[in-house]
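1. Fold the stuff below for me.
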Amino acid sequence: IFCENAHRKGCVDFQPNRKMGSMMRIVGHGNGCYDTANKHSRLKETSMVYRMIFNQTAYFGRGAIKEIPGVAKSHGFTKAFIVTDPVLLETGTVKKVTDVLDEAGMPYEVFDNVKPNPPVECIQDGVAKFAASGADFLIGLGGGSPQDTCKGIGIITANPEFADVLSLEGVADTKNPSVPIFGVPTTAGTASETTINYVVTDTANKRKFVAVDPHDIPIVAFVDPDLTDSMPRGLKVATGLDALTHAIEGYITPGAWSLSDCLSMQTIRMIAKNLAKSADGDVPAGEQMAYASYITGMAYSNVGLGLVHGMAHPLGGRLGVAHGVANGILLAPVMEYNKDFTGEKYRDIADAFGVEDAYTGDLETVREEAVQAVHKLTVDLKNPTTISEVGATEADLEALAHDAFNDVCTPGNPRQATEEDILAIYKSLM
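-> From the prediction side, this is the model:
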C-alpha cells in the first residue's frame with residue numbers, strides 16, 4: 001500500500017509497491033485519500049499541499065518569436081544553440097527563427113541530429129556539440145522530439161554524472177538546473193515547452209522511458225501560431241490527439257485538483273471545438289490549438305497522466321509508432337476501461353463534446369456518450385483505430401503489455417490496471 005502526495009514527482013509517485021504484491025493504491029487528494037481500486041471507498045481525511053511548476057515567462061501570439069533576442073539579451077545570453085530536426089530545417093521553419101536572430105545580431109549554432117522518439121545517442125551527440133559550440137543557452141525548436149532532445153542536452157550538460165542518459169529515467173536526483181532553455185513549439189500537442197517531463201528511447205532495449213525533472217523546464221516559452229500553421233494535416237491530427245489525451249488523462253488522474261482541473265477542462269473544450277477545423281486548414285482554429293496544447297501542459301506536467309500514455313510509449317519504443325497516433329488509437333478504449341472510476345467527470349467531457357444530456361442523463365449512459373464522442377472524433381479525423389494498422393502483431397502483445405505495466409505513467413491511471421488488463425486492451429485493438 002502506497003500513500004504519497006501525488007503531485008511531488010509527476011507520474012512517478014503513483015507507483016504502487018509491486019514487490020509486495022499489493023494491487024491497492026492510495027492517492028492523496030485535497031479532500032481526502034481514496035483507494036483507487038475501490039471507487040467508493042474514502043479512506044481518511046488529509047490535508048494536502050499541491051506544487052505547480054510553470055515557465056518563468058511565456059509569450060503567446062503571432063510574431064512571438066520576435067521577442068527571443070530581447071529576452072535572451074535581458075538574461076545576459078550571448079549565443080544560442082538551436083536544437084531542431086532536419087524536416088524543420090528543410091522546410092524553412094528554422095529560418096524563421098534564425099532570421100530573427102540574424103537581424104538582432106545574435107550568434108547561434110544549429111543542431112539537427114534529432115530523430116522521432118529521440119534516442120539516447122542523439123542526446124549524447126547534442127551534449128558534445130553543445131560543449132564545443134561556445135553557446136550559453138538552448139532553443140528547443142520543434143515538436144516533442146527536438147524539445148525533449150534539448151532538455152536532455154541541457155540537463156546532462158549541467159549534471160554530467162548522468163551522461164549515460166539512461167540513469168535519468170523516472171525522477172533523477174539532478175542537483176543543477178538545466179542550461180537555460182527557450183521552448184519554441186512548432187506543433188500543437190506535446191507542450192514540452194512548459195513541462196517538467198521529457199521522453200527518451202532506449203534503442204538497445206527497444207523501449208521509451210519518461211524522465212521527470214523540475215530542473216528541465218524551459219525558462220521561457222514562445223508559442224507562436226505562425227510556426228504551427230504549416231503542419232501537414234496528419235501532424236495536426238496526431239499532435240492534436242496527443243493534446244486531447246493530455247487533457248483527459250490530466251483531468252481524471254487521481255492527482256488532479258481544482259487548479260489543474262480548470263486548465264484541463266478548458267483544454268478539452270478548446271480541442272473539441274477546434275481540432276477538426278484546424279486539421280481541415282482553419283487558421284484561427286489552429287491558433288486555438290496552439291494555445292490549448294500549452295494550457296493542458298501546465299496541468300498534466302504537474303499532476304501526471306495515465307494508462308493511455310503508459311500503453312502508447314511501448315508502441316513508440318518497440319514499433320516506432322508516432323506518439324500522437326498511438327494516443328489516438330488508445331484514448332477511447334482506455335476511457336471505456338476507466339469510466340466507472342471517474343466520478344462525475346465524464347459529464348464535463350461529454351458536455352465539452354456537445355452531448356445534450358451531459359448533466360441530466362443517467363451517469364452510466366453519459367459516461368458511454370463521452371467515450372463515443374471521443375471515438376467519433378478519432379474516426380472523423382481518420383486516425384488509425386487499431387494497433388494492427390500501425391504494425392503490431394500478436395507476437396508483440398505480451399512484450400507491449402509488460403512494458404506498459406511498468407511504464408512510469410501507468411500508475412497515474414484512475415483504475416489500477418494489471419498486466420492482464422493491459423494485454424486484453426491491446427488484444428481488443430488488433
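2. centroid residue for this protein?
-> residue 190 (4.8 Å; Cα atoms, centre = their mean).
3. what residues are up against the closest residue to it other than its chain neighbours?
-> Distances taken as Cβ to Cβ, 6 or more residues apart in numbering put residue 144 closest to residue 190, at 3.4 Å, once the chain neighbours are dropped. To be clear about C-beta, it is placed using only N, CA and C from the backbone, and glycine gets the same treatment. Taking Cβ atoms under 8 Å, 6 or more residues apart in numbering as the criterion, residue 144 is in contact with 187, 189, 190, 192, 199, 242, 323.
4. Please identify which pair of those residues lies farthest apart.
-> Across the contacts of residue 144, the longest distance by Cβ to Cβ is 14.3 Å; it joins 187 and 199.
5. Comparing those two, which residue is more hemmed in?
-> A direct count of neighbours by other Cβ atoms under 10 Å for residue 187 and residue 199 places residue 187 higher, at 27 against 24.
6. mind checking pLDDT for the more buried one?
-> Predicted confidence (pLDDT) for residue 187: 96.
7. give me the element it is part of.
-> Using DSSP states H and E, residue 187 maps to neither a helix nor a strand.
8. again, but for residue 59
-> Using DSSP H and E, residue 59 falls in strand 57-60.
9. mind listing which of the contacts of residue 144 are in helices?
-> 242, 323 (DSSP state H).
10. Between the contacts of residue 144, which sits nearest residue 154?
-> For the contacts of residue 144, the nearest to residue 154 is residue 192 (12.1 Å; Cβ to Cβ).
11. Grab the nearest non-local neighbour of that closest one.
-> residue 147 (3.7 Å).
12. Give me the neighbour count for that neighbour.
-> 32.
13. in the stretch 1-150 of the chain, which spans are helices?
-> 68-74, 86-90, 93-104, 120-133, 144-158 (DSSP state H, counting those that start in this stretch).
14. can you tell which of the ones you listed is closest to residue 381?
-> helix 144-158 (18.9 Å).
15. I would like the C-alpha coordinates for the closest one, written out in PDB, please.
-> Extracted in PDB, the C-alpha atoms of helix 144-158 (Å, rounded to 0.1, in the frame of the first residue of the first chain):
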ATOM      1  CA  GLY A 144       8.200  16.800 -28.800                       C
ATOM      2  CA  SER A 145      11.300  15.200 -30.300                       C
ATOM      3  CA  PRO A 146      13.500  18.300 -30.700                       C
ATOM      4  CA  GLN A 147      12.300  19.800 -27.400                       C
ATOM      5  CA  ASP A 148      12.900  16.600 -25.500                       C
ATOM      6  CA  THR A 149      16.300  16.200 -27.000                       C
ATOM      7  CA  CYS A 150      17.000  19.700 -26.000                       C
ATOM      8  CA  LYS A 151      16.000  19.000 -22.400                       C
ATOM      9  CA  GLY A 152      18.300  16.000 -22.300                       C
ATOM     10  CA  ILE A 153      21.200  18.100 -23.600                       C
ATOM     11  CA  GLY A 154      20.600  20.900 -21.100                       C
ATOM     12  CA  ILE A 155      20.300  18.500 -18.100                       C
ATOM     13  CA  ILE A 156      23.300  16.400 -18.900                       C
ATOM     14  CA  THR A 157      25.500  19.400 -19.600                       C
ATOM     15  CA  ALA A 158      24.600  20.800 -16.100                       C
END
